[in-house]
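Enquirer: Fold the following.
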Amino acid sequence: MKKILVLLILSCVIFVGFKKNRIQTATLGKDCKIEYVLAPDGKKVLGMKIMNGNSLIQVGYSEDGDDYSLSIENDENICCRMNASPEHLYSYSLEDKKSRFECAGNVMEDGNASFVIRTFCYEDISNVFVETGKPSWVQKQIVFDGKESHFLNLSSDGKHETEYTDDLYRDLYGARSE
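Expert: Numbers count the residues shown, from 1 in each chain. Just a heads-up that it's a prediction; the model follows:
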C-alpha cells in the first residue's frame with residue numbers, strides 16, 4: 001500500500017512538472033529521443049523534436065493553428081526549413097553546407113515572391129512583383145564567380161531590359177562601342 005501511495009505521489013509531482021513546462025520526452029533508444037510540447041489545455045501538440053543520432057526533425061504549430069514550421073537537419077550539413085505564418089508569408093530554404101549549395105523562396109499572400117539559388121560559383125536572385133491594375137514584372141540577377149553578372153527586368157506587358165557587367169558583355173558580344 002505504501003508503494004502505491006509513493007508511486008501515486010511521485011506520478012502527481014512528475015505530472016505537475018510536465019504541466020508547468022509542458023515539455024515531455026520519450027526515449028526510444030540510445031540515440032533516439034522525442035520531445036514534444038503540449039498546449040496549455042493539454043489537448044494538442046504544439047511542437048515536436050525528433051533526434052536520432054546527428055539527425056533532427058522539428059515541427060511546430062501555433063496554438064490557433066494559423067502558422068507552422070518544419071525543420072530537418074542531417075549531420076549538421078543538410079538543412080531544410082519551411083514556414084507559414086498568419087501574415088500569409090510562406091517560405092522554404094534548403095542548404096547543403098558540404099556542397100556549398102543553398103536555395104530559398106518566399107511567397108506572400110499578394111502573390112509577390114522572391115527566390116535565391118547560391119552555389120560555389122553561381123548565384124541567381126529573382127523577385128516577382130504582382131500588382132493589381134499594373135503589369136506584373138520580374139527582376140532577375142545572375143552572378144558568375146562573384147563578378148560577372150547580368151540584371152534582367154521582365155514585364156508582363158512585353159517590355160524588358162538587360163544590364164551586363166563589362167566583363168560579361170565583352171565575353172558575350174565583344175567590346176562595347178562608346
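
Enquirer: what sits against Asp66?
Expert: Counting by C-beta atoms under 8 Å, 6 or more residues apart in numbering, Asp66 touches 85-86. Yep, even glycine has a C-beta here, placed from its N, CA and C like the rest.

Enquirer: Please report how far it lies from Ser93.
Expert: Distance, Asp66 to Ser93, using C-beta to C-beta, to the nearest Å: 21 Å.

Enquirer: Give the pairing partners of the host helix or strand of Arg81; include direction for each.
Expert: Using DSSP states H and E, Arg81 sits in strand 78-84. Sheet pairing of strand 78-84 (DSSP bridges) gives strand 68-74 (antiparallel), strand 89-96 (antiparallel).

Enquirer: All the strands of this protein, in order from the start?
Expert: When assigned using DSSP state E, the strands of the chain occupy the ranges 23-27, 32-38, 45-52, 55-61, 68-74, 78-84, 89-96, 101-108, 113-118, 122-129, 137-144, 148-155, 160-164.

Enquirer: Now render these as TSV, adding mean pLDDT.
Expert: Shown next, in TSV, are these (pLDDT from 0 to 100):
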stretch	mean pLDDT
strand 23-27	82
strand 32-38	86
strand 45-52	86
strand 55-61	84
strand 68-74	84
strand 78-84	86
strand 89-96	87
strand 101-108	90
strand 113-118	92
strand 122-129	90
strand 137-144	85
strand 148-155	78
strand 160-164	74
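
Enquirer: Reformat these as JSON lines; add mean neighbour count.
Expert: Output for the strands of the chain, formatted as JSON lines (neighbours: other C-beta atoms under 10 Å):
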{"stretch": "strand 23-27", "mean neighbour count": "12"}
{"stretch": "strand 32-38", "mean neighbour count": "15"}
{"stretch": "strand 45-52", "mean neighbour count": "16"}
{"stretch": "strand 55-61", "mean neighbour count": "16"}
{"stretch": "strand 68-74", "mean neighbour count": "15"}
{"stretch": "strand 78-84", "mean neighbour count": "16"}
{"stretch": "strand 89-96", "mean neighbour count": "16"}
{"stretch": "strand 101-108", "mean neighbour count": "16"}
{"stretch": "strand 113-118", "mean neighbour count": "16"}
{"stretch": "strand 122-129", "mean neighbour count": "16"}
{"stretch": "strand 137-144", "mean neighbour count": "16"}
{"stretch": "strand 148-155", "mean neighbour count": "16"}
{"stretch": "strand 160-164", "mean neighbour count": "12"}
